[in-house]
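*Asks:* any chance you could fold what I've pasted below:
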Amino acid sequence: MKTLKAWSVLVALLLLGAGVFVVSGAYNFAADEPHWSATEALIGYARHRSVDARAEDITVPGDLSDPARVAAGAEQYQAMCVGCHLAPGQGSGAMRDGLYPQPPDLTDHGIHDPRRAFWTIKHGIKMSGMPAWGPSHDDETLWDIVALLHVLPDMSESQWANLTGGDGEHATTPSGHGHNHGGSGHAH
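*Replies:* Numbers count the residues shown, from 1 in each chain. From the prediction side, this is the model:
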């Protein structure tokens, strides 16, 4: 009984201390001030576990290597993502530089799991600046972006320019396959 009482007192003191800490405003939420290392590690771990758990049962369509799908993804990525996640040959800009946490440079490392990428694009990430694109875009369009992200790290500036030039002419994907990106048939 004494052990239970001691634990209850300890928990009450911890909750009181946490309450004082929150009310005091001691934690700096400014985007130009990084989290404490322990806070960043805890948030990062919780975020990764959360996305993993929710993306686990997503079925990846079998056509992610389709050049037309990659081109449609490039069109969407150009419109929605380059300001934060960059494009081949593009340097960082004012918006990206002002975000904390800083968004990953997808031209550098791309994605490792298409299910996680799809879930993140569709649902966004709280308190990170990553919007949820699911309410405004259908799943096929989001999978197009995932298809692009698979090849983005290997894409040259000229390949990117061909995909996003907007002239509707023949363009070449990194795999060397051509397509006409004038009409992808996907919702935009």
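
*Asks:* show me where this protein has helices.
*Replies:* In the chain, the segments counted as helices under DSSP state H are 2-24, 37-55, 67-80, 82-85, 94-97, 106-109, 114-123, 139-151, 157-164.

*Asks:* quick check: buried residues in the second one?
*Replies:* For helix 37-55, the neighbour count (16 or more other CB atoms under 10 Å) marks 47, 51, 55 as buried. Bear in mind the C-beta positions are built from the backbone N, C-alpha and C, glycine included.

*Asks:* mean confidence score for stretch 115-129?
*Replies:* For stretch 115-129, mean pLDDT rounds to 96.

*Asks:* for stretch 25-38, same thing?
*Replies:* Average pLDDT, stretch 25-38: 90.

*Asks:* give me the contact list for it.
*Replies:* For stretch 25-38, the external contacting residues (CB atoms under 8 Å, 6 or more residues apart in numbering) are 21, 40, 43, 98-100.

*Asks:* so which pair among those residues is furthest apart in space?
*Replies:* Across the contacts of stretch 25-38, no pair lies farther apart than F21 and G98, at 26.8 Å, counting by CB to CB.

*Asks:* which one among the buried residues of helix 37-55 gets closest to P61?
*Replies:* Checking the buried residues of helix 37-55 against P61 by CB to CB gives A55 as the nearest, at 14.4 Å.

*Asks:* pretty sure that closest one sits against H112.
*Replies:* No. Judged on CB atoms under 8 Å, A55 makes no contact with H112 at a distance of 11.6 Å.

*Asks:* which intervals of this structure have sub-threshold pLDDT?
*Replies:* Along the chain, segments meeting pLDDT under 70 span 166-188.

*Asks:* at 90 what do you get?
*Replies:* Applying pLDDT under 90 to the chain picks out residues 1-2, 18, 22, 26-31, 109-110, 127, 165-188.

*Asks:* how about M95: what's its closest non-neighbour residue?
*Replies:* G83 (5.2 Å; CB to CB, 6 or more residues apart in numbering).

*Asks:* any idea how far that neighbour is from A18?
*Replies:* The spacing between G83 and A18, counted by CB to CB, to the nearest Å, is 36 Å.
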